[in-house]
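Asker: Predicted model follows, preceded by the sequence.
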Amino acid sequence: MPDLTPRTIVQLVALDETGDSYYRMRWPAVQLAAQAPHWRVINLDATASERYVWAEMADLLVLIQCADPDMLPVIEQRRAQGRQTLVEYNDNYYDPPAWSPAADPWASPLLQQMYERFMVHGDALAVTGPGLERLFRSKTTKPIHILKNHFPEEPPPFEALQQAKGNQIRLGWAGSLGHMADLLAVMPTLKKLLERFAEIKLCLMGNEAIPSLIHVPAAQLEFRKWGTIHDYYAFVKTLHIGIAPLQDTGYNRCRSDVKAVELAALGAVPVLQNTLPYRDFLSETGLVGFSSLDGLFERLVGYLLNPAGLEADARGAHRYVQAWRLASQRRERYELYATMLAATPSKYFWPQGAGYHEVCGTPEPGTPSQKLLQHGRNLWQHGAHPTALQVLGGAVQANPFHPDLALAELRFMHLAGFADIPARLSAYAERFAEDARFALFALAIQKNPHRRAGAWSDLAGRVAGLPRSAADFYFEQISKLFLKDLRADPVLFLEAGECWLRVYPGRAALRLEVAQAAEQCGRFAQAQDHYRWLQGALALYTDNQAFLGGVSPKTVAAWSAALHGRLHGDWSPAGEDV
């Protein structure tokens, strides 16, 4: 007899109109409730005030893309009560395309470190494909489960889809800003195809800037601005051929194969690049992928010269999705959740019954820790120093996993003149070993100038090993603190200044300070080298100031990546490691 005892799954989600919200949060929850009618499956908005109580009491808690440090103590409380927590991250947030809207927030090493803490504290990690499984394998010892994206509903019959497409062959691509370089890289190939086959239509859906970037004859182009997931499905239904170029980058290797699934489900033959996300789809459907621009051209020409072959491959891919990639037929998520459910159901009185529930909850701006931090600062500013210290000390004790709380406590202790700061700082620096802010705090309170000079050089070596975005994140704080030392004692800190220039070679303000320090120390040749660099930089700036002020760095980055794809030639994966 199956266990029909009511169980409650709470997923903290973003209730928005993105594809991730539907594929990773909403649609899977609907399917779970259908597969286990006795389960109570709640998708609760991740900003609702109810989230902490409901998260603690759920028989299974699922945290998707969570970065709320106040949820870490909840995970530990759940573990003590015999309840498990599944965390999910579905992007390579270390290496997003520079032109992606997510690039700026993901550039923060503090956010990356918080994601990693959840991977360590959670009981298991869910990802969308093998790329992410390999990427995160070094971040956690917990089990990693691949839960693929599947088509959410039974697609229309293949014949009905084909009849609705019309007779003119429609070749299409659709994608978010993150895919822009992938599209731009193949545009010369698509233009060559349009010149040879004047009767076909190129159909594109995405960012509104696309038509101005691709220069395709208006008669052969149909463009639609990016919309909802349902707008996207309606667009794909009109296509005979859907292309999915995917350059072999760290970010792209961590994508899912959902685009192939969508194209096939809606009657278009997927023309896929031979990259890791599509490896299994190509193998299981028997479709032939492409590994170069010439290979893409040959594949498309082959379909256009052989309509029967095009239809046969589209039919086969559609049949594969019907047999293997419909969410209603997949039970791996249900089976995983079932193994992670608490042995004893929660006795919490839930306001919902069995089934699927989408709950916005009570909006609550900010987190408890953010409110405590602000409360402590307010107390300190009003002179209530002992009370402020008590508030921060209690906050750290309640949530020892929050680096901002630990830093605030250290700062207040330093201002109050506490003697045991070194021991406390050492413990926190070890606890948050990846967070360079603790090393910077140690420098700020270090009074021995010789030790400071050595610490600056050591920290420069450490920051040099970080990804570029992480090093840039710390630059302002490093620069502000270091330049005070360099100005105060050029002789003692000049060597450290040269170390920092190796980390930040393009920072003109830092270079000028180091040049002036070298001059004061009598190192005239060293200073002259820096001044010559500055002369060259100023000449470039003077000559190009008006032009560069109107150029988007993200656009340039996208074009550069696209041209790299064209010049690289062979697009097959360089290796199995991400």
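Answerer: Cool, got the structure.
Asker: Contacts for the strand or helix carrying Phe223 next, please.
Answerer: In the assignment (DSSP states H and E), Phe223 maps to strand 221-225. Here strand 221-225 makes contact (CB atoms under 8 Å, 6 or more residues apart in numbering) with 170, 201-208, 210-211, 214, 231, 235. C-betas here are computed from N, CA, C, even on glycine.
Asker: okay if I get the residues you listed as TSV plus secondary structure?
Answerer: Shown next, in TSV, are these (DSSP: H, G, I helix; E, B strand; the rest coil):
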residue	secondary structure
Arg170	strand
Lys201	strand
Leu202	strand
Cys203	strand
Leu204	strand
Met205	strand
Gly206	strand
Asn207	coil
Glu208	coil
Ile210	helix
Pro211	helix
Ile214	helix
Asp231	helix
Phe235	helix
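Asker: Could you export the residues you listed as JSON lines, including neighbour count, distance to Thr5 and pLDDT?
Answerer: JSON lines is the format used below for those (neighbours: other CB atoms under 10 Å; distance: CB to CB, whole Å; pLDDT from 0 to 100):
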{"residue": "Arg170", "neighbour count": "18", "distance to Thr5": "52", "pLDDT": "97"}
{"residue": "Lys201", "neighbour count": "19", "distance to Thr5": "56", "pLDDT": "96"}
{"residue": "Leu202", "neighbour count": "21", "distance to Thr5": "56", "pLDDT": "97"}
{"residue": "Cys203", "neighbour count": "22", "distance to Thr5": "51", "pLDDT": "97"}
{"residue": "Leu204", "neighbour count": "21", "distance to Thr5": "51", "pLDDT": "97"}
{"residue": "Met205", "neighbour count": "22", "distance to Thr5": "46", "pLDDT": "97"}
{"residue": "Gly206", "neighbour count": "20", "distance to Thr5": "47", "pLDDT": "94"}
{"residue": "Asn207", "neighbour count": "17", "distance to Thr5": "49", "pLDDT": "91"}
{"residue": "Glu208", "neighbour count": "10", "distance to Thr5": "52", "pLDDT": "91"}
{"residue": "Ile210", "neighbour count": "22", "distance to Thr5": "53", "pLDDT": "92"}
{"residue": "Pro211", "neighbour count": "14", "distance to Thr5": "57", "pLDDT": "91"}
{"residue": "Ile214", "neighbour count": "17", "distance to Thr5": "57", "pLDDT": "91"}
{"residue": "Asp231", "neighbour count": "15", "distance to Thr5": "42", "pLDDT": "95"}
{"residue": "Phe235", "neighbour count": "21", "distance to Thr5": "45", "pLDDT": "97"}
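Asker: Return the closest of these with respect to Val62.
Answerer: Closest approach between the contacts of strand 221-225 and Val62, by CB to CB: Asp231, at 28.0 Å.
Asker: can you pull the contacts of that closest one?
Answerer: Arg224.
Asker: Roughly how far does it sit from Glu222?
Answerer: Per CB to CB, to the nearest Å, Asp231 is found 14 Å from Glu222.
Asker: max-length helix in this structure?
Answerer: helix 524-548 (DSSP state H).
Asker: Show me the shaky parts of the protein.
Answerer: For the chain, the stretches with pLDDT under 70 are 1-4, 569-578.
Asker: 80 instead?
Answerer: Within the chain, the segments meeting pLDDT under 80 span 1-5, 568-578.
Asker: Which parts of it belong to which domain?
Answerer: 7-150+328-340, 158-321, 368-567 (automatic domain parsing).
Asker: So which of these is nearest Ser346?
Answerer: The nearest among those, by CB to CB, is domain 7-150+328-340 at 4.8 Å.
Asker: So in terms of bridging, what pairs with Phe290?
Answerer: Gln273 (DSSP bridges).
Asker: contacting residues for Phe482?
Answerer: 456, 493, 496-497, 500.
Asker: Save those residues as a markdown table, and put in neighbour count, secondary structure and distance to Ala406 too.
Answerer: Output for these, formatted as a markdown table (neighbours: other CB atoms under 10 Å; DSSP: H, G, I helix; E, B strand; the rest coil; distance: CB to CB, whole Å):
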| residue | neighbour count | secondary structure | distance to Ala406 |
| --- | --- | --- | --- |
| Trp456 | 24 | helix | 23 |
| Phe493 | 25 | helix | 28 |
| Ala496 | 22 | helix | 26 |
| Gly497 | 25 | helix | 30 |
| Trp500 | 27 | helix | 26 |
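Asker: between those, which is closest to Ala102?
Answerer: Trp500 (29.0 Å).
Asker: List the residues that contact the residue lying closest to that closest one once chain neighbours are set aside.
Answerer: Among residues not flanking Trp500 along the chain, Ala460 sits closest, at 5.1 Å (CB to CB, 6 or more residues apart in numbering). By CB under 8 Å, 6+ apart, the contact set of Ala460 is 496, 499-500, 502-503.
Asker: again, 10 Å this time
Answerer: When contacts are counted by CB atoms under 10 Å, 6 or more residues apart in numbering, Ala460 is found next to 471, 478, 482, 495-504.
Asker: cool, Tyr52 as well?
Answerer: So Tyr52 contacts 12, 68, 70-71, 73-74, 77, 364, 367-368 (CB under 10 Å, 6+ apart).
Asker: Spell out which two among these are the most distant pair, please.
Answerer: The widest separation within these (CB to CB) is 19.4 Å, between Gln77 and Glu364.
Asker: sec struct for the residue positioned nearest the centre of the chain, please.
Answerer: The centroid of the chain falls nearest to Tyr93 when counting by CA atoms, centre = their mean (3.1 Å). Put simply, Tyr93 is coil when judged by three-state DSSP.
Asker: Would you check that it makes contact with Gln113?
Answerer: No - checked against CB atoms under 10 Å, the pair Tyr93 and Gln113 is beyond contact range at 11.1 Å.
Asker: Identify the contacts common to the two.
Answerer: Counting by CB under 10 Å, 6+ apart, the residues touching both Tyr93 and Gln113 are Ala67.
Asker: For Leu486, what is the enclosing helix or strand?
Answerer: Assigned by DSSP H and E, Leu486 falls in helix 468-488.
Asker: Correction: the previous question concerned Trp173.
Answerer: strand 170-174.
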